[in-house]
Structure formats: C-alpha cells, structure tokens
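# sharing a sequence plus its predicted fold:
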Amino acid sequence: MALRTERDQETGVALVTLDRPAKHNAIDLATAAELAAAWRSFRYDDGVRAVVLTGAGDRAFCTGIDRGVDVPQPSSPYTIDDPLLAIGPKANDLWKPVVAAVEGMACGGAFYLLGEAEFVIASGTATFFDPHTSYGMVSAYEAISMAQRMPFGEVARMALMGTAERVSARRAYEIGLVSEVTAPGGAVAAALRAAAVIASYPTEAVQGTVRAVWSAREAARTQAMAHAPHLVALGNLSPERQAELFRGRGGGEFRTR
C-alpha cells in the first residue's frame, strides 16, 4: 500500500499520507487508485468529518506522477488519458473539508491534490514549482488548478519558469496559495489542529459551506479543464523526447523566491 490512512474517532479527523518517500511521494497507478478509493470511502464514513492530506518524510509532499509509469494513450488527438484526473477529493464527489499539509517539494501533478483542498498549510522549508515546460510538456491541468488559488501573473510565472525557479513557503503565503507557514516539521500538526476545529462543527453546515465556496468558481474551472486535453495533445513533445530532456536535466541551479 502506498497510502496510509489514520482515523481519529475522537476528533473526527482522518490523516491521509502519501507513503512513497523514496520516490518523493510520486503517484503511480496503484497510488492513484488508492487515493480515489479513500476519498470515496470517506463519503460513507460519518466518523470522518474533515481530512488532512500530507506526504511521508520531509523531502516532498508529492512530485506528481511517477516517471516510471506507462500510461497508454489513445491515437485520437481529441482525447488524453490522465490517471491523475481522479485523485482529488472533489473529483470523487467528497465535500468534507480537506486541509493539505506540505513539507518539502510540491510540484507538477501535486497540484491536482492541492487544487482540490480547501486550504494549504506549509512548513517554512516547503517549495512549489511546475517542471512541465522544462521537459517539453504543457502545464494545463496543473496551471488551471493553481489559477483558482493564485494571482494570474504568479501562476503564469511558475508554469513558464519550469525548474529554474521555486516558490518559497513565504512567497506562497504572500500570494495566497498557503494560508499558514509553520516551523519545519510542523505542517501536519497545524493542519490537524485546524481540521479538528472544523470537524467539531455540525457537518451539514460545514459541507454546505464547502459546496458554496466551490460553486463560486466551478463554472470557470470546468470550462478551462475542458480545453486542457487538446492543449496537451497539441503541445507536448513525444514521450521519447520528454524522457531525453528529463535524463539530461543534470544538477542545474534554480532560484527560490
């Protein structure tokens, strides 16, 4: 199992941990299926009233899809099979609040998860970046998810700068991506405290509020996501060329801001 789930019956909070630290908590097909199953199970578990999502270890929250995963694609240019589309709570019709706790790197496909959390708490050593363009890939779903949480210019800069630049926890807080910055190692504890407060309130009112907040932006997000597969199909380099760029990435310098 690449996913650990712990339930606190007293507080009503579940802690979900991506547990592949040797792979920087990158998501393979099995992990994607486990995430979807976990969110769906919480829909039927009245003992869970709020969820905290994090990654094992202090090096990474999640670095997106595991580069070793083979995802066969249809020949049609109008369709894309993306296993990460169904890894988030909202994609699985879960409207109980989810708080993300970020230690270390959060990049690329991690934004599918951060984009569907109610808010993000990060340790001071957390960094955020989007490597897609560096490796000849279109940042579509990821950039759209972040456009719901960050100012336009900040999303565009992060997506276009690729691996050359990382957004620090401090900067992420300044632009609204992160709601709280903790001392190193403190993100999960802070997220659990916040989730416990939320879980102590009547769950019908909480879930209704989650739906209300999401409805304010859902139409624009849905329209943007509908364009994403076509942009990916048109703009991505071949998998072979992507792999060549990835292998040659070396240890180049990057800037944190």
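Right, received. Where do you want to start? None of the values given here were measured: they were computed from a predicted structure.

# state the mean pLDDT of stretch 141-160.
Averaged across stretch 141-160, pLDDT comes to 94.

# same deal with stretch 70-83?
pLDDT averaged over stretch 70-83 gives 73.

# quick check: buried residues in the strand or helix carrying residue 159?
Under the criterion of DSSP states H and E, residue 159 resides in helix 152-161. By neighbour count on 16 or more other Cβ atoms under 10 Å, the buried set for helix 152-161 is 154, 155, 158, 159, 161. Where you see a C-beta, it was placed from the backbone N, CA and C, and this is true even at glycine.

# spit out the contact partners of the first one.
Read it as residue 154. 167, 175, 177 (Cβ atoms under 8 Å, 6 or more residues apart in numbering).

# could you do the last one as well?
With contacts defined as Cβ under 8 Å, 6+ apart, residue 161 is in contact with 129, 133.

# elements contacting the helix or strand where residue 226 lies?
Following DSSP H and E, the helix or strand that holds residue 226 is helix 203-235. If contacts are counted by 3 or more Cβ pairs under 8 Å, 6 or more residues apart in numbering; DSSP states H and E, helix 203-235 sits against helix 141-147.

# name the helices or strands packed onto the helix it packs on?
helix 110-114, helix 152-161, helix 203-235.

# chain center to that helix: distance?
10 Å (Cα atoms, centre = their mean, to the nearest Å).

# may I have that helix as PDB, with CA atoms only?
What follows is helix 141-147 as a C-alpha-only set of coordinates in PDB (Å, rounded to 0.1, in the frame of the first residue of the first chain):
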ATOM      1  CA  TYR A 141      -4.500  20.800 -15.700                       C
ATOM      2  CA  GLU A 142      -1.800  21.900 -13.100                       C
ATOM      3  CA  ALA A 143      -1.800  25.600 -14.200                       C
ATOM      4  CA  ILE A 144      -5.600  25.600 -14.200                       C
ATOM      5  CA  SER A 145      -5.800  24.200 -10.700                       C
ATOM      6  CA  MET A 146      -3.400  26.800  -9.400                       C
ATOM      7  CA  ALA A 147      -5.200  29.600 -11.200                       C
END
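
# now the helix holding residue 226: average pLDDT?
Rounded mean pLDDT across helix 203-235 is 83.

# same thing with stretch 41-58?
Mean predicted lDDT for stretch 41-58 stands at 97.

# now swap in stretch 175-187 and tell me
Computed over stretch 175-187, the mean pLDDT rounds to 98.

# find the residue at the geometric middle of the chain.
With distances taken as Cα atoms, centre = their mean, residue 113 lies nearest the centre of the chain, 2.6 Å away.

# picking up where we left off before, pull the CA atoms of the helix or strand just after the helix holding residue 226 into PDB?
Using DSSP H and E, the helix or strand that follows helix 203-235 in sequence is helix 239-247. The C-alpha coordinates for helix 239-247 follow below in PDB (Å, rounded to 0.1, in the frame of the first residue of the first chain):
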ATOM      1  CA  PRO A 239       7.400  10.700 -24.800                       C
ATOM      2  CA  GLU A 240      10.900   9.800 -26.100                       C
ATOM      3  CA  ARG A 241      11.900  13.500 -26.400                       C
ATOM      4  CA  GLN A 242      10.500  14.200 -22.900                       C
ATOM      5  CA  ALA A 243      12.500  11.300 -21.400                       C
ATOM      6  CA  GLU A 244      15.600  12.600 -23.100                       C
ATOM      7  CA  LEU A 245      15.200  16.000 -21.600                       C
ATOM      8  CA  PHE A 246      14.400  14.500 -18.200                       C
ATOM      9  CA  ARG A 247      17.600  12.300 -18.300                       C
END
